[in-house]
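>>> Provide a 3D model corresponding to the input given below.
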Amino acid sequence: MNGKERLARTVFPLALALLFGLAPALCLAGPGGGPPGPPDPEMMIERMTEQLGLNDQQSDDLEAVFAAHRKAMRSTHEAMRTARENLSNQIHSETFDEVAIRKAAGVVAALEADQAVGRGKLFQEIRRILTPEQLQKFEQIREERRERMGPGRGERSPGPGPATRDQSF
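Numbers count the residues shown, from 1 in each chain. Got it, this is the predicted structure:
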């Protein structure tokens, strides 16, 4: 066996071990190194104005709705980030503690419920601003997004945070 073969037999298994060891962490990290934040409200208003043909008053009304919800959405989002990190730490702890994992998962679940209620309130206010025709188009775009992203996907919370790649709302 020559030096190249010996090197290949040593380096290749090490590279595979490193790859498979890091793969789960890289999958969980998301494209920006962590879970994505909620979409930027200004970007959503821009898209809605363009796709639904909102007038200036409707855009202003949407801005006010997002502003009214911004503080609560931001604090819930930050609490969720912390709760998910805590849950992950509990799951990956050196010692298994079922009670601690269940408690951490319960905190995440309660925050997800808070986010869902907040999104429901926000979208009710958005619906009141739209005309019946705009509302129909809004629902059509949501349905297309749901089909494109698959079951259980594409229902992100609008609010402060970095922009996302998806061009719908």
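>>> Low-confidence regions, the protein specifically.
1-39, 151-169 (pLDDT under 70).
>>> care to break the protein down by domain?
1-34, 35-149 (automatic domain parsing).
>>> okay, those, which one's buried deepest?
Ranked by average neighbour count under the criterion mean count of other CB atoms under 10 Å, those are headed by domain 35-149 at a mean of 15. In this view, the C-beta of every residue, glycine as well, is placed from N, C-alpha and C.
>>> Okay, strands next: where are they in the chain?
Taking DSSP state E as the criterion, the chain contains no strands.
>>> State which helix of it is the longest.
Looking across the chain with DSSP state H, the single longest helix is helix 56-91.
>>> measure the spatially closest residue to Phe66 that is not a sequence neighbour to Glu78 for me?
Closest residue in space to Phe66, ignoring its immediate chain neighbours: Pro41 at 3.9 Å, by CB to CB, 6 or more residues apart in numbering. Applying CB to CB, to the nearest Å, the value for Pro41 to Glu78 is 16 Å.
>>> ditto for His69
According to CB to CB, His69 and Glu78 sit 15 Å apart.
>>> what does Met48 give?
25 Å.
>>> Provide a list of residues in contact with Ala79.
Going by CB atoms under 8 Å, 6 or more residues apart in numbering, Ala79 touches Leu111.
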